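*Asks:* Okay, here's the prediction I keep looking at, along with the sequence it came from:
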Amino acid sequence: MNDDGTVQTTVEFDLPCGIEKDGQVHRRVTMRRMRNADFMKVSQDTRVRQFAKEDLSVNSSNPIQLMLTQDAMNQMFSILFTQVVLSIGDIHKPTKDVFDNMFTNDVRAMQQQFSKLNEIDEVGEQAIPFGLGGK
């Protein structure tokens with residue numbers, strides 16, 4: 001929520017590394033707040049359903065399974081970002097392939113901004129189910 005009591009619906013920020021495309025580095029991200037329809041679309045994706053199913057049987061003492069769980073979370077974020085990221089530089093409506101090929105610290109920066117933008121302060125909960133908010 002903004003200082004004037006209005007809800008912040010978009011945020012702009014710069015990626016630490018950026019995406020190189022056609023000889024130009026794109027760093028400036030415009031992201032909007034997630035809507036219920038975005039979550040519904042992501043939750044209906046067969047890849048997300050498979051990741052969620054596999055995640056339920058993870059043995060937290062097995063480092064390989066933990067790594068695969070993190071990969072599943074990254075895949076879910078890639079799908080979610082296709083819904084809420086409006087642009088990265090001159091790349092409008094970036095695809096999952098764009099997010100899959102980003103540098104790790106760029107993905108982390110996007111996850112952090114996504115988490116901040118989507119917090120619900122009145123309820124004290126995040127709008128993101130499955131722990132996707134990154135707190």
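*Replies:* Perfect, I can see it now. Residues are numbered from 1 along each chain as shown.

*Asks:* all contacts plus neighbour counts: C-alpha atoms, from now on.
*Replies:* OK.

*Asks:* what's near enough to touch the residue nearest to Ala109 when sequence neighbours are not counted?
*Replies:* Computed as C-alpha to C-alpha, 6 or more residues apart in numbering, the closest residue to Ala109 that is not its neighbour in sequence is Leu15, at 6.7 Å. Residues in contact with Leu15 (C-alpha atoms under 8 Å, 6 or more residues apart in numbering) are Arg27, Arg28, Val29, Asp106, Ala109, Met110.

*Asks:* where's Leu15, which helix or strand?
*Replies:* Leu15 is part of strand 10-21, with elements assigned from DSSP states H and E.

*Asks:* give me the beta-bridge partners of the residue nearest to Asp90 when sequence neighbours are not counted?
*Replies:* Closest residue to Asp90 apart from its sequence neighbours, by C-alpha to C-alpha, 6+ apart: His26 at 6.8 Å. Beta-bridge pairing for His26 (DSSP bridges): Ile19.

*Asks:* residues touching His26, list them.
*Replies:* Shown in contact with His26 (C-alpha under 8 Å, 6+ apart): Gly18, Ile19, Glu20, Ile88, Gly89, Asp90, Ile91.

*Asks:* coming back round to it: in the strand holding Leu15, what's buried?
*Replies:* Using 16 or more other C-alpha atoms under 10 Å as the test for burial, strand 10-21 gives Thr10, Asp14, Leu15, Gly18, Ile19.

*Asks:* Same check on stretch 107-114?
*Replies:* By 16+ other C-alpha under 10 Å, the buried positions in stretch 107-114 come out as Val107, Arg108, Met110, Gln111, Gln113, Phe114.

*Asks:* next one: it to chain centre, how far?
*Replies:* Relative to the centre of its chain, stretch 107-114 is centred 6 Å away, using C-alpha atoms, centre = their mean, to the nearest Å.
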